[in-house]
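Novice: Generate coordinates for the sequence data below:
(one chain, ligands or ions: 2)
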Amino acid sequence: MILVQEALARIASAARPLGEETAALAEAQGRVLALPARAGLTHPPAAVSAMDGYAVRRPDPCPPGTRFTVIGGAPAGAPFAGSVGPGEAVRIFTGSVLPDGADHVVMQEETERAGGEVRLTAGQPEARNVRPAGGDFAAGDVLLPRGRALSAVDLALLAAANLPSVTVFRRPKIAYFSNGDELVPPGSDLAPGQVVTSTPFALSGLLRDWGAAPLNLGTAGDTPASVEAMFDRAEAEGADVVVPIGGASVGDYDFAKAAGRTRFDLAFEKVAVRPGKPVWFGKSGKGYVLGLPGNPASALACAVLFLKPLLYALTGRDALAANPIVEATLTAPVGQGSGREHYMRAVVRAQDGILAVTPQSAQDTSLLSPFAASNALLRRMAGAPAAETGERAEVILFGPL
Ligand SMILES: Nc1nc2c(c(=O)[nH]1)N[C@H]1C(S)=C(S)[C@@H](COP(=O)(O)OP(=O)(O)OC[C@H]3O[C@@H](n4cnc5c(N)ncnc54)[C@H](O)[C@@H]3O)O[C@H]1N2
Ligand code: MOO
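Specialist: Ligands and ions are numbered 1, 2, ... in the order given. Reported below is the predicted structural model:
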């Protein structure tokens with residue numbers, strides 16, 4: 001059995017970034033840049049006005065009552081062709097190109113217009129209201145680095161930089177299947193001993209949130225042939241990662257890991273983590289396998305702890321950056337850490353300007369209701385001393401505050 005840290009290091013060292021493709025900007029939210037995005041133009045391309053008013057060459061001093069002759073206008077999109085000399089003004093609007101010779105824009109509210117002349121109603125002690133050329137960025141500047149998962153605002157930045165598309169990593173295709181004759185879909189008439197399959201419904205949403213393309217292969221029966229068929233389908237579908245759910249432990253019907261072992265070189269088969277001890281990981285020439293434990297809370301905790309870092313590594317990012325640890329204050333005491341690193345399902349809230357964390361009282365790995373009510377995993381290191389209310393604790397957020 002290896003430590004969580006070692007398991008993550010093995011995932012990071014086994015994983016190679018996937019190939020690249022071009023994505024249109026409108027389709028690129030959440031995609032990960034495979035190349036740095038460089039500005040296609042300088043923004044703003046020229047000095048522009050920050051106000052509606054009059055562009056002038058500011059005399060020094062420039063007291064109230066100073067008069068200028070209005071020699072033309074510069075509406076947005078139609079720069080003034082001439083030059084502004086001393087005592088001259090050009091009517092200008094927010095975003096319009098500042099005419100040659102001007103160094104200042106007087107706000108309209110600080111002027112009185114009378115025919116061809118404009119008079120200041122307020123002094124202009126310094127040159128203002130001009131946005132310099134390149135104030136946002138210059139042509140060729142790296143705006144966003146390789147490995148950046150594109151946010152909504154990033155798309156606006158790239159559009160402003162005149163980039164209609166970006167080079168991104170291929171979206172990792174993740175094929176997953178459950179294992180067990182007892183599993184039936186939601187809505188079934190349950191026979192004794194049957195269990196409704198639940199984990200895949202969370203997995204598809206998590207994978208989408210993490211920028212992957214989920215593919216649910218369904219449920220394998222408790223025969224080696226049924227499990228083999230799932231691995232064959234995953235390969236035929238071109239999956240980058242196969243994720244068997246369950247069938248990983250030591251029971252008589254745990255065939256998933258046995259089948260995985262014949263197809264992949266396993267990098268680990270057990271991790272000193274609670275929940276999720278049976279989680280396993282391997283690699284072949286065709287892709288990766290990450291086996292999740294069957295118990296739903298174990299499967300989902302391990303998806304956060306190990307599958308998300310694998311997706312990061314496949315898209316050119318640091319696997320260890322997938323789950324930043326933040327500090328929160330305990331609202332309840334927690335007992336001494338066990339022999340395995342423990343990730344307790346917990347609720348983190350912003351309270352009086354700090355993060356407060358409350359572990360769920362029920363932590364059994366078959367339970368989904370405490371997981372659904374949680375937005376964080378509270379990390380307790382193996383053997384950590386008991387901690388009191390008010391002490392600092394480490395958490396991984398997997399949902400919104
Ligand atoms: N003798 C031992 N028994 C167990 C050990 C052990 O070390 N020695 N480890 C325990 C731990 S920890 C876990 S976690 C489980 C995981 O075992 P498997 O990965 O083989 O999981 P399964 O046996 O297939 O299933 C466990 C449980 O989860 C239910 N399940 C499975 N898939 C789904 C699904 N898609 N949706 C909802 N529920 C699912 C399944 O019906 C079982 O009830 O092993 C312990 N045992
Ligand atoms: O660790 Mo298992 O994953 O306890 O349920």
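Novice: only C-alpha atoms for contact and neighbour calcs from this point on.
Specialist: Fine.
Novice: Could you count how many residues lie near S249?
Specialist: 18 (other CA atoms under 10 Å).
Novice: Relative to ligand 1, how far out is the residue nearest to it when sequence neighbours are not counted?
Specialist: Once flanking residues are discounted, S249 sits nearest to P278: 5.9 Å by CA to CA, 6 or more residues apart in numbering. Per CA to the nearest ligand atom, to the nearest Å, P278 is found 6 Å from ligand 1.
Novice: show me what contacts P278?
Specialist: The contact partners of P278, taken as CA atoms under 8 Å, 6 or more residues apart in numbering, are A248, S249, E269, K270, V271, L292, P293.
Novice: Among those residues, which one has the most neighbours?
Specialist: Neighbours here mean other CA under 10 Å. Within the contacts of P278, the largest count is held by L292, at 31 neighbours.
Novice: Model confidence for that one, exactly?
Specialist: Listed pLDDT for L292 reads 97.
Novice: what does the one 3 residues further on give?
Specialist: Looking at N295, its pLDDT reads 94.
Novice: Confirm for me that it is in contact with Q363.
Specialist: No: applying CA atoms under 8 Å as the test, N295 and Q363 come out as separate, 11.9 Å apart.
Novice: Of the contacts of P278, which ones also sit close to ligand 2?
Specialist: P293 (CA under 6 Å from any ligand atom).
Novice: Show me which of the contacts of P278 is closest to ligand 2.
Specialist: P293 (5.5 Å; CA to the nearest ligand atom).
Novice: who in this protein is up against ligand 2?
Specialist: Counting by CA under 6 Å from any ligand atom, the chain comes close to ligand 2 at R274, P275, G276, K277, P293, N295, S298, T365.
Novice: and those as JSON lines, adding secondary structure?
Specialist: Formatted as JSON lines, the residues of the chain next to ligand 2 follow (DSSP: H, G, I helix; E, B strand; the rest coil):
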{"residue": "R274", "secondary structure": "strand"}
{"residue": "P275", "secondary structure": "coil"}
{"residue": "G276", "secondary structure": "coil"}
{"residue": "K277", "secondary structure": "coil"}
{"residue": "P293", "secondary structure": "coil"}
{"residue": "N295", "secondary structure": "coil"}
{"residue": "S298", "secondary structure": "helix"}
{"residue": "T365", "secondary structure": "coil"}
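Novice: Tell me the buried residues within those.
Specialist: R274, P275, G276, K277, P293, N295, S298, T365 (16 or more other CA atoms under 10 Å).
Novice: Out of these, which one has the weakest pLDDT?
Specialist: T365 (89).
Novice: got the contact list for it?
Specialist: For T365, the contact set (CA under 8 Å, 6+ apart) comprises P275, N295, P296, A297, S298.
Novice: one step back: just the closest of the residues of the chain next to ligand 2 to G339, please.
Specialist: Distance to G339 across the residues of the chain next to ligand 2 (CA to CA) is lowest for R274, with 9.0 Å.
Novice: Identify the bridge partners of that closest one.
Specialist: H342 (DSSP bridges).
Novice: shouldn't it be in contact with G339?
Specialist: No: under the criterion of CA under 8 Å, R274 makes no contact with G339, lying 9.0 Å away.
Novice: Tell me the secondary structure at the residue nearest to S249.
Specialist: Following three-state DSSP, the label given to P278 is coil.
Novice: still on that earlier bit, let me have the contacts of P278 in CSV, adding secondary structure as columns.
Specialist: Below are the contacts of P278 laid out as CSV (three-state DSSP):
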residue, secondary structure
A248, coil
S249, coil
E269, coil
K270, coil
V271, strand
L292, strand
P293, coil
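Novice: In the contacts of P278, which has the lowest confidence score?
Specialist: In this model, the minimum pLDDT among the contacts of P278 belongs to S249 (75).
Novice: For the residue nearest to F169 when sequence neighbours are not counted, give its distance to ligand 1.
Specialist: Spatially, and ignoring its direct neighbours in sequence, F169 is nearest to E20 (4.4 Å; CA to CA, 6+ apart). As judged by CA to the nearest ligand atom, E20 and ligand 1 stand 32 Å apart.
Novice: who touches E20 in this structure?
Specialist: Applying CA under 8 Å, 6+ apart to E20 gives the contacts A34, T167, V168, F169, R170.
Novice: From those, pick the one nearest ligand 1.
Specialist: Ligand 1 has its nearest neighbour among the contacts of E20 in R170, at 27.2 Å by CA to the nearest ligand atom.
Novice: thought the closest one was touching G19?
Specialist: Yes: between R170 and G19 there is a contact at 5.7 Å, judged by CA under 8 Å.
Novice: between the two, which one's more packed in?
Specialist: More crowded of R170 and G19, by other CA under 10 Å: R170, with 22 against 14.
Novice: tell me which parts of this protein are close to ligand 1?
Specialist: Neighbours of ligand 1 within the chain, by CA under 6 Å from any ligand atom: 178-179, 195-200, 245-250, 254, 276-277, 293-296, 298.
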